[in-house]
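# need a 3D model of the sequence below.
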Amino acid sequence: MNPRSSRENVNIGLIGCAARLRGVVQGLLKQDSEHRIRMVCAYDPDPASRKAARELFENNFRMAASEEELVSDPQTVGAQAGIDPAGKKSRLPPTLKL
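Numbers count the residues shown, from 1 in each chain. Below you'll find the predicted structure:
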């Protein structure tokens, strides 16, 4: 990896906003001392999870209407898929593992 590319920002999207994934992303953002990682978009069909994500991340991202919309968002270079409460994985594969 060349030094310049290691300094570029990474915009991520979350497919699922349940407590487990919110905690992972919150920890990731706290560890990012250079503030290069930004959550720009999220999707979750559950209104309570969406509300909790908005409160935790201070509403600083766009909420997509579907997984497909999130993945096609030109600002999002990676997406992390969560697991829903029923244990089913997202229909779309993550494009970036965190």
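# can you list the residue ranges for strands in this structure?
10-15, 37-43, 62-63, 78-81 (DSSP state E).
# next one: Pro45 from Gly16, what distance?
Using Cβ to Cβ, to the nearest Å, Pro45 is found at 9 Å from Gly16. C-betas here are computed from N, CA, C, even on glycine.
# which one's more surrounded, the two?
Shown here are Pro45 and Gly16; by other Cβ atoms under 10 Å, Gly16 has more neighbours (23 against 11).
# counting contacts, what elements does the longest helix belonging to the chain pack onto?
As assigned by DSSP state H, the longest helix anywhere in the chain is helix 19-31. Helix 19-31 sits against strand 10-15, strand 37-43, helix 47-56, strand 78-81, with contacts defined as 3 or more Cβ pairs under 8 Å, 6 or more residues apart in numbering; DSSP states H and E.
# for the most centrally placed residue in the chain, which non-adjacent residue is spatially closest?
Closest to where the C-alpha atoms of the chain average out (Cα atoms, centre = their mean) is Leu14, at 2.6 Å. In this structure, Leu14 finds its nearest non-sequential neighbour in Ala42, 4.2 Å apart by Cβ to Cβ, 6 or more residues apart in numbering.
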